[in-house]
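K.L.:
Quick one, structure for this:
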Amino acid sequence: MARYNRWQNANLLAAAGTLTDEERRADRGAFFGSIHETFSHLLWGDSIWMHRFAGTPRPGGGIAESTSMVADWGAFGAERRRFDDVIADWADGLDDEWFATDLTWWSGAAGREVTRPRPALVMHFFNHQTHHRGQIHAMLTAAGAKPSDTDLFMLPG
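P.N.:
As a prediction, this is how the structure comes out:
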C-alpha cells in the first residue's frame with residue numbers, strides 16, 4: 001500500500017500540475033475546499049500518523065490548519081514525494097512484532113487519548129489516503145485534468 005500511495009500521489013500531482021495555481025486553489029465544494037487544500041490535508045494526515053507510527057517530526061497545527069501545510073505548489077510536490085519515500089521506507093521495515101501491539105496517542109479529533117491495535121491503524125492510514133485521493137481525482141477530472149490509471153492491479157512492479 002505504501003508503493004501504491006507513492007504511485008498514486010505522483011499520478012495526481014502530475015495531473016494537478018497541468019492546472020494553474022488558481023484552478024488548484026478554487027473552492028470546488030469538497031470537504032477541504034480545493035484541490036490544493038485537500039492535497040495539503042492529506043500530507044498533514046500522513047505526517048501526523050507517521051509521527052505516531054515512527055516518531056517522524058510532528059506537523060504543526062491541527063485539522064483546521066492542515067489545509068495550509070505547504071503553500072507553494074512546487075515545494076508541496078517536492079515535500080509530498082519526499083514524504084512518500086519516508087512512508088515506503090517505514091513500511092519496508094515493519095515486522096510482525098511491530099504489529100503485535102496496540103498504539104496509544106492523544107487524538108485531537110476525538111479530544112481524548114485513544115488506544116487501538118496497530119494493524120487497524122495502518123489500515124486506517126492507507127484508507128484515509130485513498131479516501132482523499134478519490135476526492136482529489138474527482139476535482140481534477142471536473143477541472144479538465146486527466147489522471148492516469150488508479151487500479152491497484154496496474155501498480156508497476
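K.L.:
my read is residue 156 is in a strand, agree?
P.N.:
No - using DSSP: H, G, I helix; E, B strand; the rest coil, the secondary structure at residue 156 is coil, not a strand.
K.L.:
right, and it touches residue 6 too?
P.N.:
No - at 10.5 Å, residue 156 and residue 6 do not qualify as touching, with contact defined as Cβ atoms under 8 Å. All C-beta atoms are positioned from the backbone trio N, CA, C, and that covers glycine.
K.L.:
and the residue nearest the centre of the chain, which of the three is it?
P.N.:
Computing the C-alpha centroid of the chain and ranking residues by Cα atoms, centre = their mean puts residue 42 first, at 3.4 Å. The three-state label given to residue 42 by three-state DSSP is helix.
K.L.:
OK, contacts around it?
P.N.:
128-129, 132-133, 136 (Cβ atoms under 8 Å, 6 or more residues apart in numbering).
K.L.:
what about the helices in this structure?
P.N.:
2-16, 21-25, 35-54, 73-92, 96-99, 118-142 (DSSP state H).
K.L.:
gap between the residue of the chain positioned farthest from its centre and residue 118?
P.N.:
For the chain, the largest distance from the centre (Cα atoms, centre = their mean) belongs to residue 97, which lies 25.3 Å off. Separation of residue 97 from residue 118 (Cβ to Cβ, to the nearest Å) stands at 10 Å.
K.L.:
just to revisit the earlier point, could you redo the helices of the chain as JSON lines and give each row mean pLDDT and distance to residue 151?
P.N.:
Below are the helices of the chain laid out as JSON lines (pLDDT from 0 to 100; distance: least, Cβ to Cβ, whole Å):
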{"stretch": "helix 2-16", "mean pLDDT": "97", "distance to residue 151": "10"}
{"stretch": "helix 21-25", "mean pLDDT": "98", "distance to residue 151": "25"}
{"stretch": "helix 35-54", "mean pLDDT": "97", "distance to residue 151": "20"}
{"stretch": "helix 73-92", "mean pLDDT": "97", "distance to residue 151": "19"}
{"stretch": "helix 96-99", "mean pLDDT": "97", "distance to residue 151": "27"}
{"stretch": "helix 118-142", "mean pLDDT": "97", "distance to residue 151": "12"}
